[in-house]
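Enquirer: Quick check, what structure comes out for this input:
(one chain, ligands or ions: 1)
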Amino acid sequence: METHYGLPLNLPVGASAHADQLDNLNALVHWFMIVLFVGWGIFFVYSLFRFRKGRNPVASYEGAKGHFSTYGEAGVVLIEVVLLVAFAVPIWATRVGTVPDEQNAIRVRVVAEQFAWNAHYPGADGVFGRTDSKLITAGMNPLGLDPKDAAGKDDLVTINQLHLPVNRKILIDLSSKDVIHGFALPQMRVKQDAIPGQTIPVWFEPILVTPPESSLPGCAATKTCWEIACAQLCGLTHYRMRGFYQVHDAAGYEKWLSENAPKVAALPPPPAPTGEPVTPTGAALPGENPAGSGGPQPGDQDATPPPPPAN
Ligand SMILES: [Cu+2]
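Expert: Numbers count the residues shown, from 1 in each chain. Coordinates of the predicted model:
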């Protein structure tokens with residue numbers, strides 16, 4: 001089993017460029033906790049023995065007289081301030097302040113909703129088509145793509161499926177239609193809340209291609225797919241808000257893109273607004289390959305990915 005600083009953490013395979021750093025930090029924190037646990041445990045047992053009733057029949061109401069504990073507390077505060085100001089804040093600022101260049105990154109919009117993940121690819125032109133919440137139709141047009149916008153003609157929308165290339169910086173614009181969801185890709189060591197009204201950039205670089213046993217569609221039967229999990233309790237059916245993601249080699253990613261590229265000019269006209277809540281049904285956009293239609297259905301016991309696109 002893979003170990004970090006000697007600890008077998010039993011985590012899913014770390015398949016992104018930053019995974020090792022996070023796992024090492026995780027192991028360090030575990031070691032720190034082990035040391036604290038053992039240290040305080042020894043002190044606890046010592047105290048039980050040292051201050052037993054037989055040796056101290058009468059309680060001391062004065063307590064300790066020295067300043068050791070005062071200096072000790074001050075030292076702990078000082079160390080924690082240094083950890084926070086000198087290490088934690090600068091490291092986090094570097095992480096959130098260095099969004100990869102949009103020109104060189106693979107950009108995908110991910111929009112969470114109760115209870116599905118919609119992914120929006122900009123298509124061959126690299127430009128996301130205009131979206132409008134008034135154009136959203138259940139299942140048919142889950143993101144409200146504007147059929148009149150030329151930039152959106154080649155856009156690709158999938159439900160509960162995310163396909164990514166290996167060794168490329170991935171930049172995901174993460175948002176939510178309704179409530180707070182938690183976008184989690186365990187093998188990428190990525191976890192970020194999706195918050196309605198905000199678009200949050202999430203980026204990482206996959207360094208491993210999804211192994212065959214975890215690739216679609218075969219992984220559905222063995223339940224070994226790489227899953228997009230929702231990491232926030234977001235409603236009654238939160239437990240089955242999960243999608244599937246797969247990292248391809250460069251050729252495989254291009255193949256997936258071309259096989260799923262929409263036949264242009266077939267979006268339905270927007271319906272008259274009904275005021276009814278939109279629920280994902282998993283239907284594909286007209287012209288879209290149904291590979292993008294893995295959405296859970298009402299009454300499903302389990303969300304499983306669809307069969308592969310027919311070649
Ligand atoms: Cu959710």
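
Enquirer: What are the buried residues along stretch 133-147?
Expert: Neighbour-count burial for stretch 133-147 flags 135, 136, 137, 139, 141, 142, 143, 144, 145, 146, 147 (criterion: 16 or more other C-beta atoms under 10 Å). C-beta coordinates here come from the backbone N, C-alpha and C atoms, glycine included.

Enquirer: now swap in stretch 9-19 and tell me
Expert: Judged by neighbour count using 16+ other C-beta under 10 Å, the buried positions of stretch 9-19 are 11, 14, 15, 16, 18, 19.

Enquirer: who are the neighbours in contact with residue 100?
Expert: If a contact means C-beta atoms under 8 Å, 6 or more residues apart in numbering, then residue 100 has 169, 171, 203 as its contacts.

Enquirer: For stretch 157-166, the averaged confidence score.
Expert: Averaging pLDDT along stretch 157-166 yields 93.

Enquirer: picking up where we left off before, would a markdown table of the buried residues of stretch 9-19 with pLDDT and distance to residue 184 be doable?
Expert: Formatted as a markdown table, the buried residues of stretch 9-19 follow (pLDDT from 0 to 100; distance: C-beta to C-beta, whole Å):
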| residue | pLDDT | distance to residue 184 |
| --- | --- | --- |
| 11 | 92 | 13 |
| 14 | 93 | 14 |
| 15 | 94 | 14 |
| 16 | 95 | 13 |
| 18 | 91 | 15 |
| 19 | 92 | 13 |
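
Enquirer: Can you pick out the most distant pair from these?
Expert: 11 and 18 (13.6 Å; C-beta to C-beta).

Enquirer: so the spatially most central residue of the chain is in which element?
Expert: Closest to where the C-alpha atoms of the chain average out (C-alpha atoms, centre = their mean) is residue 184, at 2.1 Å. In the assignment (DSSP states H and E), residue 184 maps to strand 181-185.

Enquirer: Spell out which strands sit alongside that strand in the sheet and which way each one runs.
Expert: Here strand 181-185 is paired, per DSSP bridges, with strand 190-194 (antiparallel), strand 227-230 (antiparallel).

Enquirer: Please enumerate residues in contact with that strand?
Expert: Residues outside strand 181-185 that contact it (C-beta under 8 Å, 6+ apart) are 110, 112-113, 117, 172, 174, 190-194, 202, 204, 226, 228-232, 234, 241, 245.

Enquirer: Could you tell me which residues of the stretch 201-311 of the chain lie near the ion?
Expert: 230, 234, 241 (C-beta under 5 Å from the ion).

Enquirer: Spell out which residues of the stretch 51-200 of the chain are next to the ion.
Expert: So the stretch 51-200 of the chain meets the ion at residue 181 (C-beta under 5 Å from the ion).

Enquirer: hang on, the earlier thing: same list, the contacts of residue 100, but as TSV with pLDDT, neighbour count and secondary structure please.
Expert: As requested, these are arranged in TSV below (pLDDT from 0 to 100; neighbours: other C-beta atoms under 10 Å; DSSP: H, G, I helix; E, B strand; the rest coil):
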residue	pLDDT	neighbour count	secondary structure
169	94	17	coil
171	95	18	strand
203	94	20	strand
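
Enquirer: Let me know the closest of those to residue 261.
Expert: The nearest one, if we look at the contacts of residue 100 relative to residue 261 and count by C-beta to C-beta, is residue 171, at 20.7 Å.
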